[in-house]
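# Dropping a prediction and its sequence here:
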Amino acid sequence: MGPMDMDGTGATAQTAPAGVFYDGTSNRRRQVQLRVADRLEIVEDGAVLASWPYDGMRRADGHGRLRLRNETAPMLARLEVEDPAAVRAVLARCRALDAGERRQTGRIVGWSLAAVCSILVMAIYGIPYAADRLAPLVPYAVEARLGEAVDGQIRAILGGETCETPAGRAALDKLIGTLAVAGGATDAMREALRGAVLASDMPNAIALPGGRIYLFAGLLDKAEAPDEIAGVVAHEIGHAQHRDAMRRLIQTGGTTFVLGLLLGDVTGGGAVIVAARSLLDASYSRDTERRADDYAVAAMTALGRSPVGMGELLVRVTGDGRRGTILDSHPMSAERLDRMKGAAGAVAGPPILTDAEWRALKDICEKAGG
């Protein structure tokens with residue numbers, strides 16, 4: 001049987017090369033003929049270079065041509081079949097050409113699924129776990145720097161200016177200082193706490209990293225009594241005391257943000273944008289909200305004031321069905337309001353703010369031209 005007897009009929013062998021062969025041990029390119037027998041013989045100048053069993057032949061990356069490898073041959077050995085008759089003969093005898101490709105595809109799919117599962121597990125369990133452990137370890141100086149950067153980004157997003165009058169500023173400072181002491185905030189947190197009112201119609205309040213407390217003018221407009229705003233401020237101080245904003249940033253920023261913390265890059269553009277938007281869109285867990293509620297209840301009852309006002313204010317805010325309110329990030333459930341009512345005692349303490357101070361705080365944006 002000649003070197004090009006592709007159909008096994010005993011026809012006279014052709015002399016033209018049927019393909020190109022690389023033996024896998026050198027980079028030499030060999031022009032070869034093929035001989036079909038019980039195995040495929042690869043022939044050069046009458047000498048058999050290799051003999052490949054058909055059931056071990058697999059398709060390799062051919063880029064439009066038939067390019068083969070064999071599981072019994074060296075790993076890099078390749079046979080490129082160029083002659084059409086040779087291609088037909090090989091295809092007729094090799095029944096498992098694509099078996100390796102199917103297994104490779106299966107491995108790729110398997111590893112891809114494993115990678116997706118790993119990412120999901122990391123997102124659901126790993127990052128929250130890391131956030132719980134890392135947040136208390138972040139130095140206050142680092143958290144304060146992040147708070148300063150986030151402050152500017154939040155102002156840019158909301159387009160709100162800070163409302164500022166001497167009397168209104170003094171009333172807010174008194175409110176925050178009194179509630180921090182009554183709630184048992186640490187000395188470091190009491191030193192770090194800063195408050196401001198943003199000239200935004202959104203009825204909201206947030207705590208930034210580093211102890212910044214923001215009241216929005218829209219929430220002040222809805223409030224009818226000092227205790228209502230005092231409860232909200234105490235709640236936000238509770239978030240700051242427990243470093244919930246820092247924990248939230250690590251969770252939402254993921255591994256990129258964590259690496260930024262480790263490398264000291266917490267004020268870069270990407271980190272700041274993630275931080276600001278995650279705080280504005282924050283939705284804390286029930287346990288996190290309960291801890292902040294507990295702080296507010298403790299502070300208000302220590303001052304002889306009722307914590308129920310905060311709950312009534314938040315419920316009042318939702319009466320018009322507006323979105324983008326404090327309830328998006330601080331959902332006031334019946335359970336939470338009932339807990340506040342259950343913890344409320346007799347109102348025996350003096351007002352936290354005098355009537356004049358309350359009016360100054362309520363009018364802080366109007367007198368600033370807001």
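Happy to help now that I have it. Residues are numbered from 1 along each chain as shown.
# could you pull out the helices for the stretch 251-370 of the chain?
Remark: helices assigned in the stretch 251-370 of the chain by DSSP state H, counting those that start in this stretch are 269-280, 286-302, 308-317, 326-329, 334-343, 355-362.
# okay, the ones you listed in CSV with mean pLDDT, distance to residue 154 and mean neighbour count next?
The C-beta positions use only the backbone N, C-alpha and C, and glycine is treated the same way. CSV is the format used below for the helices of the stretch 251-370 of the chain (pLDDT from 0 to 100; distance: least, CB to CB, whole Å; neighbours: other CB atoms under 10 Å):
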stretch, mean pLDDT, distance to residue 154, mean neighbour count
helix 269-280, 58, 5, 19
helix 286-302, 89, 19, 20
helix 308-317, 84, 20, 21
helix 326-329, 48, 13, 19
helix 334-343, 73, 26, 14
helix 355-362, 96, 21, 17
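# And those: which comes nearest residue 202?
Closest approach to residue 202 among the helices of the stretch 251-370 of the chain (CB to CB): helix 326-329, 8.4 Å.
# which one of the helices of the stretch 251-370 of the chain lies closest to residue 24?
Closest to residue 24 of the helices of the stretch 251-370 of the chain is helix 269-280 (CB to CB; 47.5 Å).
# Tell me the confidence at the closest residue to residue 310 other than its chain neighbours?
Distances taken as CB to CB, 6 or more residues apart in numbering place residue 231 nearest to residue 310, at 2.6 Å, with adjacent residues excluded. You'll see residue 231 listed with a pLDDT of 94.
# can you pull the contacts of residue 231?
Residues near residue 231 by CB atoms under 8 Å, 6 or more residues apart in numbering: 296, 300, 307, 308, 309, 310, 311, 313.
# Can you check what angle separates the helix or strand containing it from helix 308-317?
Using DSSP states H and E, residue 231 sits in helix 226-241. Orientation check (axes from the mean of the first three to the mean of the last three CA atoms, to 10 degrees): helix 226-241 against helix 308-317 gives 100 degrees.
# Quick check: buried residues in helix 226-241?
226-241 (16 or more other CB atoms under 10 Å).
# Would you check that residue 61 makes contact with residue 69?
No - using CB atoms under 8 Å, residue 61 makes no contact with residue 69, being 9.5 Å away.
# Between those two, tell me which one has more neighbours.
More crowded of residue 61 and residue 69, by other CB atoms under 10 Å: residue 69, with 22 against 8.
# Give the bridge partners for the more buried one, please.
Here residue 69 sits in beta bridges with residue 58, going by DSSP bridges.
# give the contact list for it.
Neighbour list for residue 69: 57, 58, 60, 77, 78, 79, 100 [criterion: CB under 8 Å, 6+ apart].
# any idea how far residue 20 is from it?
Counting by CB to CB, to the nearest Å, the separation of residue 69 from residue 20 is 13 Å.
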